[in-house]
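*Asks:* coordinates for the following, if possible.
(4 chains)
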4 protein chains.
Amino acid sequence: MPADGDVEFRSDVTVELVKAAAQDSDVIWAARVSTKGESSLEDVDADPEKALGLINYLMRDRHGTPFEHTSMTFFVSAPIFVFREFMRHRIASYNEESGRYRELRPVFYVPAPERPLVQQGKPGAYEFVEGTTEQYRTVVAETEAACRASYAAYRAMLEAGVAREVARGVLPVATYSSMYVTMNSRALMNFLSLRTKHPESHFPSFPQREIEMVADLMEAEWAALMPITHSAFVSHGRVAP
Amino acid sequence: MPADGDVEFRSDVTVELVKAAAQDSDVIWAARVSTKGESSLEDVDADPEKALGLINYLMRDRHGTPFEHTSMTFFVSAPIFVFREFMRHRIASYNEESGRYRELRPVFYVPAPERPLVQQGKPGAYEFVEGTTEQYRTVVAETEAACRASYAAYRAMLEAGVAREVARGVLPVATYSSMYVTMNSRALMNFLSLRTKHPESHFPSFPQREIEMVADLMEAEWAALMPITHSAFVSHGRVAP
Amino acid sequence: MPADGDVEFRSDVTVELVKAAAQDSDVIWAARVSTKGESSLEDVDADPEKALGLINYLMRDRHGTPFEHTSMTFFVSAPIFVFREFMRHRIASYNEESGRYRELRPVFYVPAPERPLVQQGKPGAYEFVEGTTEQYRTVVAETEAACRASYAAYRAMLEAGVAREVARGVLPVATYSSMYVTMNSRALMNFLSLRTKHPESHFPSFPQREIEMVADLMEAEWAALMPITHSAFVSHGRVAP
Amino acid sequence: MPADGDVEFRSDVTVELVKAAAQDSDVIWAARVSTKGESSLEDVDADPEKALGLINYLMRDRHGTPFEHTSMTFFVSAPIFVFREFMRHRIASYNEESGRYRELRPVFYVPAPERPLVQQGKPGAYEFVEGTTEQYRTVVAETEAACRASYAAYRAMLEAGVAREVARGVLPVATYSSMYVTMNSRALMNFLSLRTKHPESHFPSFPQREIEMVADLMEAEWAALMPITHSAFVSHGRVAP
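*Replies:* Sure thing, here's the model as predicted:
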């Protein structure tokens, strides 16, 4: 049974690629079932240039379905407030650790010093800027104290014999959780278009920094698996086909 | 700006039917496009007995699609831990109040005295039983103290100029939120089959009591809109077609 | 039992709005649950200008979910090859007349004289141009003769006692069918972005003319129900949010 | 350019497993993220008996999500009328050969002698029985003649310079097509529960024989990949969790 001294604060998120069946060639095979016999789209297998051309054409004209015949499973550790946003993406499969079936561990998110803390501007066009040292100290002190108090209350209820699903009510949304998520590359592109922010993005997006940290790590894994598709995604303004 | 005295504890959830386009006749029209011309299924419009017979037949043989041409929008207020489970249902549309765009109000869930607090048995077959008065007092005292401390930390960060999306990390999953959810009657039946527990259910389910409270209120609204479909759902073991 | 003389050829498609729960105000209510309290988004109810502003903002920044709390049911009559493309859209509910449960009627699609018949250019960038009178005569003559022959074969098998689901194999994809389809306005915008072709479209699309005829009729119904949303869709390049 | 002599009639369907990331262990890993720490569910990795127990428990209590972290891609060749039914399953990814982009080949479905041709009973409870030799001869003769006539009309239009998408209208739904389809094992179980007919099925189903032929081949591939899950599916009445 963890003592209060076991409470842990982290500022990172982790993403592990558990398994994948996702290659650029999956896209090409699926696309070619439609077009076989068209001479201008022939021979993509033999010719990397043509493979690139076909994938660029699919991205540009938003033929999205060939990108679906792929599958990636990630194991993600992040605070609950990140998972709340993540699970709004419905074209994906999820299994998250359960606060009903297991006792939750006392690991909580506290922003890193470089995390911008202050929001300026008006709704829909907020910008975030660095906070002062004083503000950062307030965030750390208030977050740590509140999380310790919440966890102590959780433990007190469990020790009194109260069910986990009741006791967990006091745990904050900064509590770390973990999940398996499986997505295809089309759904992942949609996720990335909304949950990352890049100057070259065709459509604006305003992700919360913490889900963007998860998205960035997922993007790096995906780019290594499907470099041609990733490159076409970036060069077409990070718009999901 | 709310003072600590404004912190509110509730034990209920609320469901308001905002709008609906959902009638038993919608199911019949959609089913009849398939079967028109079949004499045994004719004349359901003229004859309530036949309408009942057609809907029972669809339910029994799991012809689910005719139940989809319906739409109900609910406004739900409940703690965040309920919404976490709710949004795992992907065949639905959601808009929830945002902790990034608005300051969250200090309203927290604490179980009512009749809520069973103690879990017995083994995973997959837990039963819940009443707790002792002592246990209930522990739950109330710990929950209230932890929620007050969390909210004070949230306010302190906001007053220091920290962004809402950062400050909210300390708020517990017992915090009330609200959302619009839109579902068709087939998706609703699936939701009810998993999130309510009835002796007559064909398949077992083990919902957490708080989401079941939401599901019960939704079921009552739906039963009033589509009484024949509801009755067929119940008499066929609460299995979604 | 229809004689061969009953065979009918049509060149049109029909769309009937059967029911709808879809108004611009549905979008505003759903969006405001997120943003309530933000002064710049207040008072949209009282002020049509602000309603327009909010919907334009949602469209521009691709906040798609508020557009989902709407529902429209259409009854569509069109050839099978149109339904084959239509049903690739998975965020929708369908019930189509069944060739297993009912005998299909001898109604077949033949292009109207103004339908461009000749395809030029290369894959992904085809253009269609008018055919010659000779070409049109060929299309009409060949289509009518083949459909009559197919239907005669269908009837011959039925009269020999063969099951409808076996006999229908000979019926051409030009055979008319009918279906109920229910969609929300976000899914409809995605459908329209891919199945209509407009000079002002931000992304190119190359719909087959016959499904575009269906899409145009659906768009007209929708524009009457949700004029502000429709106008924002058009002015933002017909991109689904 | 194929001459009429090239017209081909087949009575089979084919299914090729193109790639898969689908093992029983995927289900176990995903399930364990929820339950880790529960002693009764520990050690499933080390113990095949426990793996079987966990999967049986998930199937019985209809915990469906752990079965989703799997992916199988099949290449299917079958008549269009099979694909029309197949694509009603929306939790899947499809790419089918396109009659707009390619010229379709003259391959048509004609039932094999053992295919029951006669339907008896009433809607919702049809049974199929063998036809007479005379009936079978009628089916073969009428189908072959109609398909040859349709294909000749298609070719005549193409040779006159008419676009493929216009000419194809005359082709019958017995025309063979091919597609890639990707599904996870939960969606596949739902497909199998509706598109196969077994005495041990808990819920009745009335699939058309030709889609059942496809489903049977898919089931055999899946059973080899995930034998424990398949066995649990069968022993629990072929109900998708």
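*Asks:* and A:Tyr126, how many neighbours?
*Replies:* 14 (other Cβ atoms under 10 Å in any protein chain shown). In this view, the C-beta of every residue, glycine as well, is placed from N, C-alpha and C.
*Asks:* report the secondary structure state of the closest residue to it other than its chain neighbours.
*Replies:* Leaving aside its sequence neighbours, A:Tyr126 sits nearest to A:Gln119 (Cβ to Cβ, 6 or more residues apart in numbering or on different chains; 5.0 Å). Recorded secondary structure, A:Gln119: strand (DSSP: H, G, I helix; E, B strand; the rest coil).
*Asks:* hmm, A:Gln119 is touching B:Ala167, no?
*Replies:* No. Judged on Cβ atoms under 8 Å, A:Gln119 makes no contact with B:Ala167 at a distance of 10.3 Å.
*Asks:* those two: which has the busier surroundings?
*Replies:* B:Ala167 (26 against 16).
*Asks:* which other helices and strands does the helix or strand containing that one contact?
*Replies:* Using DSSP states H and E, B:Ala167 sits within helix B:164-167. Where contact means 3 or more Cβ pairs under 8 Å, 6 or more residues apart in numbering or on different chains; DSSP states H and E, helix B:164-167 is packed against helix B:133-159.
*Asks:* all helices of chain A, in order?
*Replies:* A:24-35, A:48-60, A:80-86, A:133-159, A:164-167, A:185-195, A:209-225, A:227-235 (DSSP state H).
*Asks:* could you list the low-pLDDT ranges of chain A?
*Replies:* Chain A contains residues with pLDDT under 70 at A:1-5, A:35-46, A:123-124.
*Asks:* quick one: which of the helices of chain A is nearest C:Ile211?
*Replies:* helix A:24-35 (16.1 Å; Cβ to Cβ).
*Asks:* tell me how far the closest one lies from the chain's centre.
*Replies:* Taking Cα atoms, centre = their mean, to the nearest Å, one finds helix A:24-35 lying 27 Å from the centre of the chain it belongs to.
*Asks:* which residues touch that helix?
*Replies:* The contact list for helix A:24-35 (Cβ atoms under 8 Å, 6 or more residues apart in numbering or on different chains) reads A:41, A:44-45, A:51, A:54-55, A:58, A:63, A:65-70, A:185, A:226-229, C:123, D:18-19, D:73, D:75, D:95-98, D:101-102, D:178-180.
*Asks:* please identify the buried residues of it?
*Replies:* Neighbour-count burial for helix A:24-35 flags A:24, A:26-35 (criterion: 16 or more other Cβ atoms under 10 Å in any protein chain shown).
*Asks:* which of the residues you listed lies closest to B:Glu134?
*Replies:* Using Cβ to Cβ, the buried residues of helix A:24-35 come closest to B:Glu134 at A:Asp26, 59.9 Å.
*Asks:* how close does the closest one sit to C:Ile228?
*Replies:* 41 Å (Cβ to Cβ, to the nearest Å).
*Asks:* surely A:Ser177 is in contact with A:Phe83?
*Replies:* Yes. Assessed by Cβ under 8 Å, A:Ser177 is found in contact with A:Phe83 at 5.7 Å.
*Asks:* list the residues that contact both of the two?
*Replies:* Common contacts of A:Ser177 and A:Phe83 (Cβ under 8 Å, 6+ apart): A:Glu96.
*Asks:* for A:Pro172, what are its contacts?
*Replies:* Shown in contact with A:Pro172 (Cβ under 8 Å, 6+ apart): A:80, A:108, A:146-147, A:150, B:150, B:169-173.
*Asks:* which two of those residues have the greatest separation?
*Replies:* The two members of the contacts of A:Pro172 with the most space between them (Cβ to Cβ) are A:Ile80 and A:Ala146, at 14.3 Å.
*Asks:* more neighbours, the two?
*Replies:* More crowded of A:Ile80 and A:Ala146, by other Cβ under 10 Å: A:Ala146, with 26 against 23.
*Asks:* residues touching the nearest residue to A:Ser201 once chain neighbours are set aside, list them.
*Replies:* Nearest non-adjacent residue to A:Ser201, counting by Cβ to Cβ, 6+ apart: A:Arg238, 4.7 Å away. Contacts for A:Arg238 (Cβ under 8 Å, 6+ apart) come out as A:189, A:192-193, A:196, A:198, A:200-202.
*Asks:* drop anything exposed from those.
*Replies:* Burial by neighbour count, 16+ other Cβ under 10 Å: within the contacts of A:Arg238 this picks out A:189, A:192-193, A:196, A:201.
*Asks:* ok, so of these, who is nearest D:Val13?
*Replies:* A:Met189 (33.0 Å).
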